[in-house]
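> Predicted model and sequence below, questions to follow.
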Amino acid sequence: MHDDRTLVEARLRRVLDERVRPAVYPESVPLRVEVWHAPGEPVPVAEGLAAEPGPIEVGARWGAPWGTSWFRVTGTVPEAWAGRTVEALLDLGFDENMPGFQCEGLVYRPDGTPVKGLNPRNQWVRIGAPVAGGEEVRLHIEAASNPVVLDYHPFRPTPLGDKDTAGSEPQYTLTRMDLAVFDETVWQLVLDLEVLGELMAELPVDSARRHDILRAVERALDAVDLQDVNGTADRARARLTGVLSAPAVPSAHRISAVGHAHIDSAWLWPLRETVRKVARTTSNMTALIEDEPEFVFAMSQAQQWAWVKEHRPEVWARVKKAVAEGRFVPAGGMWVESDTNMPGSEAMARQFVHGKRFFLDEFGIENEEAWLPDTFGFAAGLPQIIRAAGSKWLLTQKISWSQTNRFPHHTFHWEGIDGTRIFTHFPPVDTYNCSMKGSELAHAARNFRDKGRARHSLAPTGWGDGGGGTTREMVARAARLRDLEGSPTVVWEAPRAFFEKAEAEYPEPPVWVGELYLELHRATLTSQAKTKQGNRRSEHLLREAELWAATAAVRTGFRYPYEELDRIWKTVLLHQFHDILPGSSIAWVHREARATYERIAAELDGITGAAQRALAGEGGTELLFNAAPHAGQGVPAGGAAPPSVTGRTRLTPREDGGFTLDNGLLRITVDARGLVVSAYDPAADRETVAPGRAANLLQLHPDFPNMWDAWDVDSFYRNTVTDLTDAESVTAGEDGASVRVVRAFGSSRVTQLLTLPPGERRLLLDTEVDWHETEKFLKLAFPLDLHAERYASETQFGHVFRPTHTNTSWESAKFEACNHRFVHLEEPGWGVAIVNDSTYGHDVTRTVRADGDRGTTTTVRVSLLRAPRFPDPETDQGVHRFRHALLPGASIADAVREGWRVNLPERRLTGAREVAPLVTVDNDAVVVTAVKLADDGSGDVVVRFHEAHGGRARATLTAGFAVAEVMATDLLERPWDEGRPPVPDGDRVTVRLRPFELVTLRLRRA
């Protein structure tokens, strides 16, 4: 038989494109269109509906960047269409090649009832099926003219990312506003041919099934009269029945499809626009649920649910109904799909507390999965947090984006730093926007790395970010693929159903230990420094506010600010979303974030100040309030008179123009360039700085990645570096214990203050950068005379070890990594820590000693600032302030303590009395991360703590109040039986902890 395969396949493509698809809507009439452009920000629905519109024609330009236009479309269904299905086709000027990221609309009836969203691949609104003919049609469209920021020439700087710079040029052309007859038979034929054509293309050329499909498609095309597609579509469909009814083979891969619309809570649009994106998508999905009885849709991010409830009550009612039917499924149990590298321990816990509690309060639903398809890597402390929140599964897709190494599993146990294991799934379809194409499903089956041991995978299906979610075409495709020879099988089901099946069939999956590092988007640890500083500061201010408010409530009856703290926590958690905290959003988002963090700081300072005043009373005694979990300056975690300073720091000029700082515990030598050329530890007789090198060295790199400017730093940036060694001035500080260094480079300026406080084993480095560079990367280097095979970086509830070498491609790919408050390196018996108040990105490398001696040294470089031009062309321009500290001779315990200290400086005020701590712990290895009143308003005191040094620990917690009962709880403060029960003895509780173990105790007051 001659091979005419390519001829038939080409025929199929052309007939579909030029004859069959156009015949889906064989007749149409234009609608009358009017428009009202809202001035400024979006208006309430009632105002938009009541506004008086003016005329506009199809073909007209409309929509200033970030504007809102209310279209009113009216018309009459022709009498001749009686008995037929009629839809309105409303094309606002969509580009179907971009499922999201452009203009969108939400259709309303005149009474304000939402109908559905309008999106690039979802432009129809059903008028009637069938119609009687003669019906009057009137629809209103709230249309958002969101500009296209990520265009066909991506990553080019654009002013469109902020309404203050975007201008007023109309962005879109009104393309179509019609009533049209919808021929469902032709539409079904389109789906038949598309599914078979795509399946055929994925089968082996020599397979019998491929040729069976080819001949069936050929017969169907023969049956279509190209001059009367609508009249012959039934006949063509009949010739495909056989190949569409052939069942899948028993060994076929099994795909659980779940309706999905990954909506970034902010990214290339501001937060206020996400509120509307969610309303449009949920309107679409509730409408699709009503039309498709087997369809199931899952939505994560409790914040987005809360937005619908608050801003779109008419949509919320439909959502609640679909949830009650089990068809619209809350997923993930987090407040937002947050970054998981940078949020602190307590913040990461609260993501689950507030997310899960919202779904429990609103629907009585307990989420058992963490749903993070797009997050840029996963910290090794996360498994324990997931488990402590009462969850047990994790889904993500993002690791498939790694550039260097292919992850070896799709379904596996992920083990965290404390030993907790979480059943984890990476969908092998390699997208969270699956559209049920044959190529996607075939890829999932081929790509699945656990074949032979497991057979199930999940496919999140639908367009996100303004694409409107799952479409009726995707549902129709899934129906054909339910049980089809040559294809994986497909069934719609909720995430829980998938995980239960996957876990049951794979009871002993492989184990991955440690962080899930994404080999991409490493620069998100540095971009938008002020957003990161605002996050770090807010986390610690929240700790203070909760601690002092709880202490004052117990001791004085102070009103505990439940509502205020709840609202502030949710705001901070929202800004940890994986495109806000990482610095990868448009300028508008980060401008608003900076203002939000300032408001939060002022409010939290007010709460803390009021609580401390209630505790201290009015008086003239100077008091020092320490909120850190360790004693600071001799003051425990309470309020007491400040101790007298012991010792002094001697500042001695050097002949070369530099200075020596010596406080008896450390001797620091600063040369005439303002560089630290020696940090000597006399007790250990050890030099900290690598021979021939200098610390406090600012280094500047070119920084122009191949893609994703704000997200990526590519390894080749290291090929070129400029050491910033020229100093304008190196002078003695006014306090007699510091050296002031001023530098200028490019268009920027740096002022540093290097301080050696009396009686302390730390060198403080306060750096102010007036930054005006473009596409540059600024690092602060510390070459250390340490031979270290690995180093520790703080993460949630502990620290993670990373190698300093690059033996394999896995280690080499980690050339930029995340730390929280410290990194620590050591040889047996002596180590060095570098702590910070707001930076996350860093790199650690090894080099051969420069003095000719054998052995290696280790260099830690802190990432300070970048200057990418997309999506914010003014990223990080302006003044920034950072604080770091170098700790020679530091143990891991010192690193933990000083990391807290630099982030939680003591507060001073005058009062009448000292304040004893509300709780104390007698072992510094056990770190208290939260002291608060229980969220249920009972007045119980909740204490959360963990083992922080990486070893076993026994500790006694003592309450500064009478205790009636002690209970171990989960993160949501519910009784929890997974941990060892506490052993109370009056107001004391003894606990034994494994390395990095997290414990939450609830203390009922007597």
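Great, that's in hand. None of these values were measured; they are calculated from a predicted model.
> ok, the residue most central in space within the chain - contacts?
Closest to where the C-alpha atoms of the chain average out (CA atoms, centre = their mean) is residue 578, at 2.2 Å. Contact criterion CB atoms under 8 Å, 6 or more residues apart in numbering gives 264, 336, 337, 338, 339, 372, 374, 375, 376 as the residues in contact with residue 578. All C-beta atoms are positioned from the backbone trio N, CA, C, and that covers glycine.
> now with 7 Å?
337, 338, 339, 374, 375, 376 (CB atoms under 7 Å, 6 or more residues apart in numbering).
> what's the answer for residue 981, then?
residue 968.
> Return the distance of it relative to residue 582.
40 Å (CB to CB, to the nearest Å).
> longest helix of this structure?
Scanning the chain for the longest helix, with DSSP state H as the assignment, gives helix 587-616.
> Check which helices and strands that one sits against.
helix 529-556, helix 562-574, strand 639-640, strand 907-911 (3 or more CB pairs under 7 Å, 6 or more residues apart in numbering; DSSP states H and E).
> What about residue 600, how many residues nearby?
For residue 600, the count of nearby residues is 21 (other CB atoms under 10 Å).
> Check residue 207 too.
Residue 207: 12 neighbours (other CB under 10 Å).
> Now do it, the pLDDT please.
On pLDDT, residue 207 comes in at 96.
> residues contacting the closest residue to it other than its chain neighbours?
Nearest residue to residue 207 in three dimensions, chain neighbours excluded: residue 486, at 7.7 Å (CB to CB, 6 or more residues apart in numbering). By CB under 7 Å, 6+ apart, the residues touching residue 486 are 199, 203, 209.
> Mind checking which of these land in helices?
199, 209.
> Can you give me the end-to-end span of stretch 102-117?
One end of stretch 102-117 sits 13 Å from the other (CA to CA, to the nearest Å).
> Quick one: mean pLDDT over that stretch.
Rounded mean pLDDT across stretch 102-117 is 97.
> circling back: and the residue nearest to the centre of the chain, what are its phi and psi?
phi -80, psi 10 (degrees, to the nearest 10).
> and residue 520, how far is that from residue 776?
For residue 520, the distance to residue 776 - CB to CB - is 21 Å.
> again but with residue 713, I slipped
According to CB to CB, residue 713 and residue 776 sit 11 Å apart.
> By neighbour count, which bits of stretch 938-950 are buried? Give me those.
Neighbour-count burial for stretch 938-950 flags 940, 941, 942, 943, 944, 945, 946, 947, 948, 949, 950 (criterion: 16 or more other CB atoms under 10 Å).
> ditto for stretch 560-573
560, 561, 565, 568, 569, 570, 571, 572, 573.
> for the stretch 651-800 of the chain, what spans make up the strands?
Ranges of strands within the stretch 651-800 of the chain are 659-662, 667-670, 676-681, 686-687, 697-702, 722-724, 729-732, 738-745, 748-755, 763-771, 776-784, 790-795, 798-803, based on DSSP state E, counting those that start in this stretch.
> a markdown table for those, including mean neighbour count and mean pLDDT?
Output for the strands of the stretch 651-800 of the chain, formatted as a markdown table (neighbours: other CB atoms under 10 Å; pLDDT from 0 to 100):
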| stretch | mean neighbour count | mean pLDDT |
| --- | --- | --- |
| strand 659-662 | 21 | 98 |
| strand 667-670 | 24 | 98 |
| strand 676-681 | 20 | 98 |
| strand 686-687 | 16 | 98 |
| strand 697-702 | 18 | 98 |
| strand 722-724 | 16 | 98 |
| strand 729-732 | 16 | 98 |
| strand 738-745 | 19 | 98 |
| strand 748-755 | 20 | 98 |
| strand 763-771 | 20 | 98 |
| strand 776-784 | 24 | 98 |
| strand 790-795 | 23 | 98 |
| strand 798-803 | 22 | 98 |
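> Quick check: residue 462 touching residue 261?
Yes: taking contacts as CB atoms under 7 Å, residue 462 lies within contact range of residue 261: 4.8 Å.
> which residues do those two both contact?
Contacts common to residue 462 and residue 261, judged by CB under 7 Å, 6+ apart, are residue 469.
> of these two, who's got more company?
Using other CB under 10 Å, the more surrounded residue of residue 462 and residue 261 is residue 261, with 32 against 29.
> Which residues lie in contact with the nearest residue to the more buried one once chain neighbours are set aside in this structure?
On the basis of CB to CB, 6+ apart, the spatially nearest residue to residue 261 that is not a chain neighbour turns out to be residue 469, at 3.7 Å. By CB under 7 Å, 6+ apart, the residues touching residue 469 are 259, 261, 281, 284, 285, 297, 462, 463.
> wait, is the third one part of a helix?
By that I understand residue 281. Yes: according to DSSP: H, G, I helix; E, B strand; the rest coil, residue 281 belongs to a helix.
> What's the local residue count around it?
Residues near residue 281, counting by other CB under 10 Å: 33.
> now do the fifth one
Residue neighbour count, defined by other CB under 10 Å, stands at 28 for residue 285.
> Give me the contacts around whichever strand or helix holds it.
Remark: residue 285 resides in helix 271-291, with elements defined by DSSP states H and E. Here helix 271-291 makes contact (CB under 7 Å, 6+ apart) with 42, 104, 106, 114, 116-117, 122, 144, 146, 259, 261, 263, 265-266, 295, 297, 304, 307-308, 311-312, 315, 318-319, 322, 327-328, 466, 468-470, 472, 475, 589, 592.
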